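>>> Structure of the sequence below:
(one chain, ligands or ions: 1)
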Amino acid sequence: MAGAAALRRSARRVVRPGAYALSRALQHPERLLSSQASPDRGGVLGSELGLYPPERVRNFSIIAHVDHGKSTLADRLLELTGTIKKGHGQPQYLDKLQVERERGITVKAQTATMFYRHANNQLPASDQPDAPSYLLNLIDTPGHVDFSYEVSRSLAACQGALLVVDAAQGVQAQTIANFYLAFESNLNIIPVINKIDQPTADPDNVKAQLKRLFDIDPSEALLTSAKTGQGLSQVLPAVIERIPSPPGKCDSPVRMLLLDSYYDEYKGVICHVAVVDGALHKGDKIASAATGRTYEVLDVGIMHPELTPTGVLYTGQVGYVISGMRSTKEARIGDTLHQAKSIVEPLPGFKPARHMVFSGLYPADGSDFDALSHAIEKLTCNDASVSVTKETSTALGMGFRCGFLGLLHMDVFHQRLEQEHGAQVISTIPTVPYIFEYGDGSKVQVENPAALASNPGKRIAACWEPTVIATIIIPSEYVGPVIMLCSERRGEQQEYTFIDAQRALLKYRLPLREIIVDFYNELKSITSGYATFDYEDSEYQQSDLVKMDILLNGQPVDAMATIVHNQKAQRVGRELVDKLKKFIERQMFEITIQAAVGSKVIARETLSAMRKNVLAKCYGGDITRKKKLLEKQKEGKKRMKRVGSVDIPQEAFHELLKVSNSK
Ligand SMILES: Nc1nc2c(ncn2[C@@H]2O[C@H](COP(=O)(O)OP(=O)(O)OP(=O)(O)O)[C@@H](O)[C@H]2O)c(=O)[nH]1
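Below you'll find the predicted structure:
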């Protein structure tokens, strides 16, 4: 995991996401083409959108393993169609969030509409003045495992996908996961072997892998370099020829799928929609199938790539709608929006996001609860996949328990809270949702280990933990160490095959808890960075789990409680106690630090008392020095949490977070 400290270091600038795109556009208006300037479209007036019946529309996604070049390819296609200017100066135009630019990953799927004249490449352009023009909706998707929820959402609006594979790295774990997501959604898949400019590129080997793993005919693969532009001219013709147009009834009442929503400070809730049937006009009355509420369409348009009003969207088109919704809670992702007062069958929604990791978020300074609450509310407006409930900790005061799709998702949320909303946050040890059964047969889902203590009278009869099926692809010489790592993490082998002469594919069932932090880092380090990894959630399995408490001077610190496997309790307890000893500064009195399971102490350390206090260093007279020291001491105190009589620095919580998950 990228350390929380590194995140904090990079979390300095405060940016509002909505304002970000706007301010960038205002600073560099030349980067955005005016609607009249686009060579292929001649304006985006509503009447012109009407020139694109479903047969002239193609909705497609780009899917790939992380870093195989999706966003770069998306940029090149936007340039090729004149949607953005060449060399617009921003790497990856569609990666708009600051965190995406800093980390070079795509977190939120973005959509862009392009207009493209499909001329016959064999004939000179002057011979085909009437070559038909097409409206293409490109949906860029994130590649990281945590965001596969975004991928499946994007795919619901598409009829096809470009499956991008790095010509040197070949098929990787997420290529497989994304291929199956697209395949299960019945999409037409166009394989694109990218980065053919690299000296180690071996497109023939990649073609053989695609044939072997997915039964893709090698002749179907396009060979491209998004960097040099080689082969790019074949991509959009292939999209038009191989991807079907969206199905839908033009003369039915409007029915559309709500793909995404976010809150913009100036415009309110903006919904991304795919119009399945009928047409949507500004001024129309629409209703939500989920809530029954009705709204008036205040603005409607396309993402070109910025919001461009058109006043209308027709069957098969993808765009945005602003309808006076007050909060994104009203805009449920996967909902069907339809013409008000008409009876329509809701479209199949999406599988709801499953929260894999939970963590408590508390204000670093207890008095900032309202500020944190406000920041979380704003951010969840743009990231509806986070669940939030209030909770109170004796150690940390009032805060929130948040559910995330994975660790990276948690990190990114944390970073955005600090970066975009200026919040200072302490997060507790992440945990997975366990199920505990008590002696009386009642079952509870435990998302906060501290909550287990609230049933002291009840005997725990059984516990279950969530598992995942992990796919790991590695060069064959690393199979031994990876098998060892997986068995240390309580994994159970499901499959062991070779995808070509050099590389093996391993499938393991692993407890989710064992992989949530540091598994990927360790996997990378024992395979010199060659392993790729993906997972899908699987069923719960019965397990021997115990709750471990951390006690400071005999007082349990609820925010540090954790649930561990019984066999690992001793080792984790020892590490936690050692780490805490390093991070808690010596104070005026002795501090005992203990890890305990039930009433049994399994690890203990003592921090001896400080001999001198800070002012003892001033020899009476030097008043400015004395003031400086007091100031410094005050600064330090701000980042402390007082638990009983012990001050715990914020770092201690972050450090614990690493230890308790790495073992
Ligand atoms: N040599 C070479 N490098 C490329 C090519 N396409 C992309 N890259 C580089 O590969 C890296 C990853 O590219 P991205 O477009 O960010 O990859 P991505 O798949 O969108 O990654 P995520 O958004 O994190 O999922 C960047 O450094 C690109 O400059 C290519 O055709 N050739």
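>>> Centre of the chain to stretch 296-315, how far?
Between the centre of stretch 296-315 and the centre of its chain there are 26 Å (C-alpha atoms, centre = their mean, to the nearest Å).
>>> same thing with stretch 337-357?
On C-alpha atoms, centre = their mean, the centre of stretch 337-357 falls 21 Å from the chain's centre.
>>> First-to-last residue distance for that stretch?
31 Å (C-alpha to C-alpha, to the nearest Å).
>>> pLDDT on it, on average?
The predicted model gives stretch 337-357 an average pLDDT of 79.
>>> Kindly report the same for stretch 243-255.
Mean predicted confidence for stretch 243-255 is 93.
>>> And it, how far out from the chain middle?
Taking mean C-alpha positions (C-alpha atoms, centre = their mean), stretch 243-255 and its chain are 31 Å apart.
>>> List the buried residues for it?
Ile243, Ser245, Pro246, Gly248, Ser252, Pro253, Val254, Arg255 (16 or more other C-beta atoms under 10 Å). In short, each C-beta sits where N, CA and C put it, glycine included.
>>> Look up the closest residue to the fifth one, ignoring the ones flanking it.
Ranked by C-beta to C-beta, 6 or more residues apart in numbering and with sequence neighbours excluded, the top spatial neighbour of Ser252 is Asp277, at 4.1 Å.
>>> show me the contacts for the one you found.
Going by C-beta atoms under 8 Å, 6 or more residues apart in numbering, Asp277 touches Gly248, Lys249, Cys250, Ser252, Pro253, Val254, Arg255, Thr315.
>>> can I assume the second one sits in a helix?
If I follow you right, that is Lys249. No. Assessed with DSSP: H, G, I helix; E, B strand; the rest coil, Lys249 is coil; it does not lie in a helix.
>>> circling back: now tabulate the contacts of Asp277 in CSV and tack on distance to Ser61.
Listed next are the contacts of Asp277 as CSV, based on distance: C-beta to C-beta, whole Å:
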residue, distance to Ser61
Gly248, 18
Lys249, 24
Cys250, 24
Ser252, 25
Pro253, 27
Val254, 23
Arg255, 21
Thr315, 19
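>>> of these, list those near the ligand.
Under the cut-off given by C-beta under 6 Å from any ligand atom, the ligand has nothing from the contacts of Asp277 close to it.
>>> which among those residues gets closest to Tyr134?
Thr315 (14.9 Å; C-beta to C-beta).
>>> these two touch, right, that closest one and Gly50?
No. Here Thr315 does not reach Gly50: they are 10.5 Å apart, not a contact under C-beta atoms under 8 Å.
>>> between those two, which one's more packed in?
It is Thr315, of Thr315 and Gly50, that has more neighbours when counted by other C-beta atoms under 10 Å, with 25 against 12.
>>> Quick one: residues contacting the more buried one.
Thr315 neighbours (C-beta under 8 Å, 6+ apart): Pro53, Pro54, Pro246, Gly248, Lys249, Cys250, Val275, Val276, Asp277, Gly278, Ala279.
>>> Now Ile474: closest residue in space that isn't a chain neighbour?
Ile474 sits nearest to Ala531 (C-beta to C-beta, 6+ apart), 4.7 Å away.
>>> Angles on the backbone of the one you found, please.
Here is the backbone geometry of Ala531 (degrees, to the nearest 10): phi -70, psi 140.
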